[in-house]
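Asker: Below are the sequence and a predicted model; questions follow.
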Amino acid sequence: MKDIRLAKWIEFGKFVYLQKKGMMNYILFDGDARKSLLPFTYTRPVADIRIGILTIREKWEHFLGYTTSTITEEYLEEKYPMVEMEENILLNASFLPTHLLVEMIKKLKPNQAIFKGDDVVAFYTLENQEEVDFSAYEQIDYEEDLLQIKNTWDIFSQNAQALKNDFDLITEGRTSQPIPETVNCINKEQIFLEEGVQISFATLNASKGPIYIGKDALVMEGALIRGGFAMCEKSILKMGARIYGPTTLGPHSKAGGEINNCVFFGYSSKGHDGYLGNSVLGEWCNIGADTNNSNLKNNYAEVRIWSYETERFAKTGLRFCGLMMGDHSKCGINTMFNTGTVVGVSANIYGSGFPRNFIPSFSWGGAAGFKEYKTNKVFEVAEVVMSRRNMVFDDKEKRIFEHIFSETEKYRNY
């Protein structure tokens, strides 16, 4: 476990209070999945990936009834600090919680660990240590099914089950806001509207999966939605949008055109016509008007996409796989993405033709070629984009981006 001074992160009085109350401390750790979930984990811990309706962290905190902290990469620790106490339960953030799993976790005793196959899911430790010797732990096997997010494509391919689980979790014992009479509904019992939703003259078909529309979200006229589908707080669906589930729009996202089985983490926009399928967008991404992605090869072969873990193209086991786009990346109008394209952090893509299907972080260009996108220009854009949502691209964020810029330099050999 990384040795981080507690006083650096939290007020000492709060720490003493928690100790006296005897509350357990839960820490989510990245584990081996971190590399295979790049580029999304360049800018966040595994725990802050969104799948279904909630992020993985939000799911765990909902089940546990406690806040959590994180063990992640050193350069992310300033933004995502770890809170360590004398007694800690560490949780593998690549696994999604269930009621049974959480019951088992809450019954753990010191030096006990829960395993799913060869993977550790959770363990109870009293020690401050860099490496954990699980041979000294009592192993408890978890026999039931568990969702695990091990690869980027798992985020969309497992979104249906994650969305259903989150829908049941969030809406249990609650009543939806009234659905306006102008809205055409199928399977109304699986549709839930939070307070402040604006929707009229739209079609909601929940026959194949639930539909959740978050607080203060806006669904404009003529939108056609087939579940499962989730819109998080203050997201917007444009007029005439055509949505095929399972699709998730994270908070403050904007979507239009045709979308099929995609996940937007939040604060990202695809506001115009064009097709996006079997894809994942990080935060602060923007898709230009009439941009399209391929999600199926012409020969119907298995899709291979770039793996940061092996630094080569890896098999996905999928016939349908589209675009993986890291935070703060953007593309211009009429951009065309090949099947299984991976775009890193803060790339800017434009021009005619198909760009390469691995676009490194901090790249500027398109099919005609790329050049390096310097951080001073990246910072200028990020500051403007985030200020439009009353958020600040501060020095902490700049330090994270500078580290990513340096770490990914080896890929920018255009």
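Answerer: Thanks, I have the structure now.
Asker: that's a helix at F401, yeah?
Answerer: Yes - F401 sits within a helix when classified using DSSP: H, G, I helix; E, B strand; the rest coil.
Asker: Quick one: low-confidence residue ranges for the stretch 151-300 of the chain.
Answerer: Judged against pLDDT under 70, the stretch 151-300 of the chain has no low-scoring part.
Asker: Going along the chain, name the helices of the chain.
Answerer: Residue ranges of the helices in the chain, as given by DSSP state H, are 12-21, 33-36, 56-64, 99-106, 154-157, 159-171, 375-387, 395-407.
Asker: Report all helices and strands that the third one contacts.
Answerer: Meaning helix 56-64. Contact here means 3 or more Cβ pairs under 8 Å, 6 or more residues apart in numbering; DSSP states H and E; on that basis helix 56-64 packs against strand 25-29, strand 68-71, helix 99-106, helix 159-171. For glycine as for every other residue, the C-beta is placed from the backbone atoms N, C-alpha and C.
Asker: Same check on the last one?
Answerer: Applying 3+ Cβ pairs under 8 Å, 6+ apart, one finds that helix 395-407 contacts helix 375-387.
Asker: and the helix it packs on, what other elements does it pack with?
Answerer: On a contact count with 3+ Cβ pairs under 8 Å, 6+ apart, helix 375-387 meets helix 395-407.
Asker: and the angle for the helix it packs on with helix 375-387?
Answerer: Here helix 395-407 runs at an angle of 140 degrees relative to helix 375-387 (axes from the mean of the first three to the mean of the last three Cα atoms, to 10 degrees).
Asker: C-alpha coordinates for helix 395-407, PDB please?
Answerer: What follows is helix 395-407, C-alpha atoms only, in PDB (Å, rounded to 0.1, in the frame of the first residue of the first chain):
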ATOM      1  CA  ASP A 395      -2.900  23.700 -11.900                       C
ATOM      2  CA  LYS A 396      -3.700  20.200 -10.500                       C
ATOM      3  CA  GLU A 397      -5.200  19.300 -13.900                       C
ATOM      4  CA  LYS A 398      -2.300  20.800 -15.800                       C
ATOM      5  CA  ARG A 399       0.200  18.700 -13.800                       C
ATOM      6  CA  ILE A 400      -1.800  15.500 -14.700                       C
ATOM      7  CA  PHE A 401      -1.800  16.500 -18.400                       C
ATOM      8  CA  GLU A 402       1.900  17.200 -18.300                       C
ATOM      9  CA  HIS A 403       2.600  13.800 -16.900                       C
ATOM     10  CA  ILE A 404       0.400  12.100 -19.600                       C
ATOM     11  CA  PHE A 405       2.100  14.200 -22.300                       C
ATOM     12  CA  SER A 406       5.500  12.900 -21.200                       C
ATOM     13  CA  GLU A 407       4.300   9.300 -20.700                       C
END
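Asker: outside of it, which residues touch it?
Answerer: For helix 395-407, contacts defined as Cβ atoms under 8 Å, 6 or more residues apart in numbering pick out 42-43, 75-76, 78-79, 345-346, 361-362, 375, 378-379, 382.
Asker: now it: mean pLDDT?
Answerer: The average pLDDT within helix 395-407 is 97.
Asker: which parts of that helix are buried?
Answerer: For helix 395-407, the neighbour count (16 or more other Cβ atoms under 10 Å) marks E397, I400, F401, I404, F405 as buried.
Asker: Dump those residues to TSV, plus distance to R226.
Answerer: TSV is the format used below for the buried residues of helix 395-407 (distance: Cβ to Cβ, whole Å):
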residue	distance to R226
E397	37
I400	37
F401	38
I404	37
F405	40
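Asker: got the contact list for the nearest residue to K59 once chain neighbours are set aside?
Answerer: Once flanking residues are discounted, K59 sits nearest to P97: 5.5 Å by Cβ to Cβ, 6 or more residues apart in numbering. Contact analysis of P97 by Cβ under 8 Å, 6+ apart lists K59, W60, F63, L64.
Asker: same deal with P360?
Answerer: G344, A347, F370, T408, Y411, R412.
Asker: hang on, the earlier thing: let's see if you can find the most crowded of the contacts of helix 395-407.
Answerer: Neighbour tally across these (other Cβ atoms under 10 Å): the maximum, 29 neighbours, falls on S346.
Asker: roughly how far apart are that residue and V385?
Answerer: The span separating S346 from V385 equals 11 Å under the rule Cβ to Cβ, to the nearest Å.
Asker: Check the contact lists of those two and give me the overlap.
Answerer: By Cβ under 8 Å, 6+ apart, the residues touching both S346 and V385 are H328.
Asker: Does I105 touch Q112 like I think?
Answerer: No - counting by Cβ atoms under 8 Å, Q112 is not a contact partner of I105; they are 9.9 Å apart.
Asker: Could you check which of these two has the larger neighbour count?
Answerer: Comparing I105 with Q112 by other Cβ under 10 Å, the one with more neighbours is I105, at 24 against 18.
Asker: Excluding chain neighbours, what is closest to the more buried one?
Answerer: Using Cβ to Cβ, 6+ apart, the closest residue to I105 is A122 (5.0 Å).
Asker: Double-check that neighbour against K116; I have them as touching.
Answerer: No - counting by Cβ under 8 Å, K116 is not a contact partner of A122; they are 9.8 Å apart.
Asker: ok, the two, which is more surrounded?
Answerer: Per other Cβ under 10 Å, whichever of A122 and K116 has more neighbours is A122, with 26 against 18.
Asker: Would you mark the buried spots in stretch 172-190?
Answerer: Neighbour-count burial for stretch 172-190 flags I179, V183, C185, Q190 (criterion: 16+ other Cβ under 10 Å).
Asker: Next, the contact list for I56, please.
Answerer: The contact partners of I56, by Cβ under 8 Å, 6+ apart, come to L28, V46, A47, D48, I49, R50, A93, S94, L96, I149.
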